[in-house]
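Peer 1: Sequence and predicted structure below; questions after.
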Amino acid sequence: MHFSKPLLGLGLLVAVPLSAAAATYNVGPGRQYTQLTTFFNSVNLAPGDIVEVDGNATYAGNIVVGDDDSGTEASPVTIRWRRVAGATRPLLSGGAHTIKFQQSNHIVFEGFEVTGGTSSCIFSEAHNATVRDVYVHDCPSHGILGADQNSGAFTLEYSEIARSGQGDRRHAIYMQSDEVAYPDTVFRMRYNYVHSATGGVLVRVRHQRAEIHYNWIEGSDLHEVELIGPDCETQKSGWNADLRREDAELVGNVIIHRSTSRSGNALRIGGDLNGRNQGRTRLVNNTIVLDRSGSANAVLVQLGQGSLEMHNNVVYQPASGSAPNIVRENPASNVDTPYCGPQSREPWSDGRKVSGSNNWVQTAAAMVPAEWTGTLRGTDPMFVDLAQRNLRPRAGSPLLNAGNNTPPAPAAFPFPSPQLLPAFDPPLRAKLAIGDEHARLMLESRIDVGAFEQFDIDQQADPIRVNGSQPLIPPRPTGAAAQPPTASQPALTTSDATTTTPARDRPRWRQSPVNRYRRGIVRP
């Protein structure tokens with residue numbers, strides 16, 4: 001059996017036998033516990049326990065899931081929406097931190113709507129936390145915040161984060177890890193729709209390793225993505241700037257930088273005055289649209305970036321007469337001396353290290369890295385409908401069959417355990433349901449440049465088997481890097497199976513994304 005917190009406070013733990021059986025608790029109107037605040041103040045959870053929360057109800061914020069509510073890696077504690085037909089998501093609203101994971105490690109939080117926290121809507125001071133299928137919105141400060149200390153692996157998936165952030169220091173997503181307490185962990189972000197910031201950065205990361213795969217990120221107040229180092233003023237004893245390197249990989253994302261931004265940068269990498277990453281950043285098959293006139297930078301490097309590797313990306317600024325900067329360096333003369341840590345103001349931590357292949361940029365683009373090979377130039381990438389944000393390449397696009405199927409790792413600064421090519425599409429500017437991701441369908445021998453192939457996978461019948469995830473850094477390969485799934489498929493065949501139909505002549509889908517057939521995902 002499990003014990004209430006009042007009983008534990010009276011020292012009665014030894015008087016009652018323990019049971020290994022996991023329990024399921026229900027919270028909602030008309031139940032023993034009508035509020036989550038009361039429930040977590042009264043009950044200690046054990047590994048494998050499940051808390052099911054009724055929909056069609058609002059729950060007050062300042063919810064604290066404590067260290068006495070932790071699971072294990074094999075048996076996490078799960079807090080989820082009790083889904084019934086016709087019910088809306090449970091709404092968690094208000095408070096300082098609407099919900100906080102306070103050293104409650106190995107936790108899954110799934111299916112909620114969260115809003116209104118004056119400090120954050122979701123605050124993670126925990127290791128191996130998974131936030132899945134949530135709608136976080138209208139947070140006047142941080143949307144999702146990771147603590148500087150006592151935080152480790154964090155996974156965010158199948159979620160929408162909207163209208164959050166404030167000023168320059170409050171962000172829609174702001175993640176960091178404690179490299180002393182939890183070294184070698186990952187911030188994993190996939191299948192999310194993050195948009196319409198009311199301040200700050202949409203995705204700001206100080207984590208040791210970030211895997212940002214298959215997301216739609218649009219409409220920051222500053223930058224869509226910022227990749228920097230840990231805040232050197234807030235770390236535990238034993239930390240120093242050289243303890244770990246902060247690496248980040250962005251694969252298969254749509255990143256749209258609008259005129260509402262005050263910065264002009266889609267991505268800013270390297271460091272700020274509190275912390276430099278000195279790490280390796282890898283961008284593969286992303287679609288970056290600078291949807292504004294005037295000066296704009298796809299990537300701004302400043303204050304201590306280790307290296308930058310880019311393959312199969314498309315960078316496009318559609319405004320008439322635009323000449324976007326692809327990789328701009330912010331020189332030492334433009335920045336102040338860091339507050340702590342290494343005092344260098346140079347954009348690179350140890351000299352410029354850049355590589356890449358098969359990226360598409362405009363003919364007029366400036367600051368295109370000379371280190372790149374196979375660079376494609378043109379005036380129009382020929383998306384299906386840029387105004388409607390249909391960013392698949394249409395027939396005749398220079399992006400078709402123009403990617404590098406085996407993007408080379410730079411010998412002097414290889415990215416550890418990379419996802420070689422994208423295996424899935426990002427969401428189409430909408431929140432995805434769990435399991436509703438689309439495998440990327442490469443119909444011909446070469447991958448298309450950008451986040452999408454020309455066609456969706458809507459007509460494929462066989463299920464795709466994909467590996468599960470583990471929020472720890474995979475071991476570095478000792479030999480050649482393993483090839484990730486790329487969803488490559490042969491040319492389509494006719495019904496009599498005697499002749500083939502060229503893949504690019506296949507009829508284009510006509511239904512909306514909601515009504516199209518979704519291919520099943522089978523997980524072992």
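Peer 2: Received, thanks. Predicted model, so just to flag it, every value in this text is computed and none were measured.

Peer 1: Packing partners of the longest strand seen in the chain?
Peer 2: As assigned by DSSP state E, the longest strand anywhere in the chain is strand 265-272. Packing partners of strand 265-272 (3 or more Cβ pairs under 8 Å, 6 or more residues apart in numbering; DSSP states H and E): strand 225-227, strand 254-258, strand 287-291, strand 297-302. Heads up, the C-betas are built off the backbone N, CA and C, glycines and all.

Peer 1: which one of those strands has the most crowded surroundings?
Peer 2: Most buried of the helices and strands packed on strand 265-272, by mean neighbour count (mean count of other Cβ atoms under 10 Å): strand 225-227, with a mean of 28.

Peer 1: Mind listing the strands it pairs with, and their directions?
Peer 2: Its sheet considered, strand 225-227 pairs with strand 203-206 (parallel), strand 265-272 (parallel) by DSSP bridges.

Peer 1: So, low pLDDT: which residues of the protein?
Peer 2: Along the chain, the parts satisfying pLDDT under 70 run over 1-20, 459-524.

Peer 1: So for it, the centremost residue is which one?
Peer 2: Nearest to the mean C-alpha position of the chain, by Cα atoms, centre = their mean, lies residue 189 at 2.6 Å.

Peer 1: Now the element after the longest strand of the chain, going C-ward?
Peer 2: strand 275-276 (DSSP states H and E).

Peer 1: Outside of that following strand itself, list whatever touches it.
Peer 2: 206, 228-232, 241, 270, 303-305, 338, 341-342, 349 (Cβ atoms under 8 Å, 6 or more residues apart in numbering).

Peer 1: Check those residues against residue 283 and report the nearest one.
Peer 2: Using Cβ to Cβ, residue 305 is the member of the contacts of strand 275-276 that lies nearest residue 283, at 12.6 Å.

Peer 1: In contact with the nearest residue to that closest one once chain neighbours are set aside, which residues?
Peer 2: Using Cβ to Cβ, 6 or more residues apart in numbering and skipping residues adjacent in sequence, the residue nearest residue 305 is residue 270, 3.6 Å away. By Cβ under 8 Å, 6+ apart, the contact set of residue 270 is 227-228, 276-277, 301-305, 347-349.

Peer 1: now for the host helix or strand of residue 59, which elements pack on it?
Peer 2: In this assignment (DSSP H and E), residue 59 forms part of strand 58-60. For strand 58-60, the helices and strands in contact under the criterion 3+ Cβ pairs under 8 Å, 6+ apart are helix 36-42, strand 91-93.

Peer 1: For the last one, what is the distance to the chain centroid?
Peer 2: Okay, so that is strand 91-93. 23 Å (Cα atoms, centre = their mean, to the nearest Å).

Peer 1: show me what contacts the nearest residue to residue 350 once chain neighbours are set aside?
Peer 2: Excluding its sequence neighbours, the residue lying closest to residue 350 (Cβ to Cβ, 6+ apart) is residue 306, at 7.0 Å. With contact taken as Cβ under 8 Å, 6+ apart, residue 306 is in contact with 245, 247, 277-281, 348-350, 353, 413.

Peer 1: can you tell me how far residue 306 sits from residue 416?
Peer 2: 12 Å (Cβ to Cβ, to the nearest Å).

Peer 1: where do the contact lists of those two overlap?
Peer 2: Common contact partners of residue 306 and residue 416 (Cβ under 8 Å, 6+ apart): 247, 280.

Peer 1: who touches the strand holding residue 59?
Peer 2: Here strand 58-60 has contacts from 27, 35-37, 53, 90-95, using Cβ under 8 Å, 6+ apart.

Peer 1: And whichever helix or strand comes after that strand, what does it pack against?
Peer 2: In the C-terminal direction, the helix or strand that comes right after strand 58-60 (DSSP H and E) is strand 63-65. If you count contacts as 3+ Cβ pairs under 8 Å, 6+ apart, strand 63-65 packs onto helix 36-42, strand 97-102.

Peer 1: Would you tell me which one of these is buried the most?
Peer 2: Stretch with highest mean neighbour count among those: strand 97-102 (a mean of 25; mean count of other Cβ under 10 Å).

Peer 1: Now do whatever helix or strand comes next after that strand: which elements does it pack against?
Peer 2: For strand 97-102, the succeeding helix or strand toward the C-terminus, using DSSP H and E, is strand 107-110. In terms of contacts (3+ Cβ pairs under 8 Å, 6+ apart), strand 107-110 is packed against strand 77-82, strand 97-102, strand 129-132.

Peer 1: As TSV, the ones you listed with distance to residue 406 would be great.
Peer 2: Putting the helices and strands packed on strand 107-110 into TSV (distance: least, Cβ to Cβ, whole Å) gives the following:
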stretch	distance to residue 406
strand 77-82	40
strand 97-102	40
strand 129-132	32
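
Peer 1: Of the ones you listed, which is nearest residue 313?
Peer 2: Proximity to residue 313 (Cβ to Cβ) singles out strand 129-132 among these, at 27.6 Å.

Peer 1: Show me what counts as buried in that closest one.
Peer 2: Judged by neighbour count using 16 or more other Cβ atoms under 10 Å, the buried positions of strand 129-132 are 129-132.

Peer 1: Need the max-distance pair from those.
Peer 2: 129 and 132 (10.3 Å).

Peer 1: Quickly list what's touching both of those two.
Peer 2: Both residue 129 and residue 132 are contacted by 108-109, 155, under the criterion Cβ under 8 Å, 6+ apart.

Peer 1: Tell me the buried residues within the residues you listed.
Peer 2: Neighbour-count burial (16+ other Cβ under 10 Å) is assigned, among the shared contacts of residue 129 and residue 132, to 108-109, 155.

Peer 1: Out of the strands paired with strand 225-227, which is closest to residue 362?
Peer 2: Ranking the strands paired with strand 225-227 by their distance to residue 362 (criterion: Cβ to Cβ) puts strand 265-272 first, at 14.4 Å.

Peer 1: Test my guess that residue 394 contacts residue 382.
Peer 2: Yes - counting by Cβ atoms under 8 Å, residue 394 does reach residue 382; the two are 5.4 Å apart.

Peer 1: What are the boundaries of the strands in the stretch 351-500 of the chain?
Peer 2: Secondary structure of the stretch 351-500 of the chain (DSSP state E, counting those that start in this stretch): strands at 354-357, 360-362, 376-378, 383-385, 390-393, 464-465, 492-493, 500-501.

Peer 1: That concludes my questions; thank you for your assistance.
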